[in-house]
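Trainee: Starting from these lines, generate the structure:
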Amino acid sequence: AWTWRLHRGAWVPLTIAIILKPDFGGTRDKALGRVAGTILGGVIAAVLDFYLEDPWLNVAALVPLGILAFSQKTVAYQRFVLFLTVFI
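Mentor: Residues are numbered from 1 along each chain as shown. Presented below is the predicted three-dimensional model:
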């Protein structure tokens, strides 16, 4: 975070702590799911932001996105991160 002068650098160690698992395979799978979910979620969020010009539609989208995110938390980590990224 210091090297790249990130404005909100606290997310870096927090993300690392969430991703780390006792074995390499688990850490790799979680990291790939995190990266893929974040990128795809960011793309979906950008598309939704472009098409949902009314702020109330954005607020209305938060409820289903929150439900989708937390319903996937124990099922599929990548989908959880995807919906959480769009939610945020």
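Trainee: State the number of residues packed around Leu68.
Mentor: 16 (other C-beta atoms under 10 Å). The C-beta positions use only the backbone N, C-alpha and C, and glycine is treated the same way.
Trainee: any idea which element it lies in?
Mentor: Leu68 belongs to helix 55-71 when assigned by DSSP states H and E.
Trainee: For that helix, name the packing helices and strands.
Mentor: On a contact count with 3 or more C-beta pairs under 8 Å, 6 or more residues apart in numbering; DSSP states H and E, helix 55-71 meets helix 24-51, helix 77-87.
Trainee: now, of those, which is deepest in the fold?
Mentor: Most buried of the helices and strands packed on helix 55-71 by mean neighbour count (mean count of other C-beta atoms under 10 Å) is helix 77-87; its value is a mean of 21.
Trainee: the bottom helix or strand of the chain by mean pLDDT?
Mentor: Lowest by mean pLDDT, DSSP states H and E among the helices and strands of the chain is helix 11-19, with a mean of 82.
Trainee: What is the neighbour count of Leu65?
Mentor: 21.
Trainee: Might you report the residue contacts of it?
Mentor: Residues in contact with Leu65, defined by C-beta atoms under 8 Å, 6 or more residues apart in numbering, are Phe83, Val86, Phe87.
Trainee: Quick check: the gap between Pro13 and Leu57.
Mentor: 35 Å (C-beta to C-beta, to the nearest Å).
Trainee: got it, and Leu14?
Mentor: Between Leu14 and Leu57 the distance is 30 Å, computed by C-beta to C-beta.
Trainee: what's the answer for Ile16, then?
Mentor: 35 Å.
Trainee: just Arg5 next, same as before
Mentor: 35 Å.
Trainee: Between those two, which has more neighbouring residues?
Mentor: More crowded of Arg5 and Leu57, by other C-beta under 10 Å: Leu57, with 11 against 7.
Trainee: wait, doesn't Gln78 sit right on Val35?
Mentor: No. Using C-beta atoms under 8 Å, Gln78 makes no contact with Val35, being 9.2 Å away.
Trainee: on that earlier part again, taking their axis directions, the helix holding Leu68 and helix 24-51 sit at what angle?
Mentor: Orientation of helix 55-71 against helix 24-51 (axes from the mean of the first three to the mean of the last three C-alpha atoms, to 10 degrees) gives an angle of 160 degrees.
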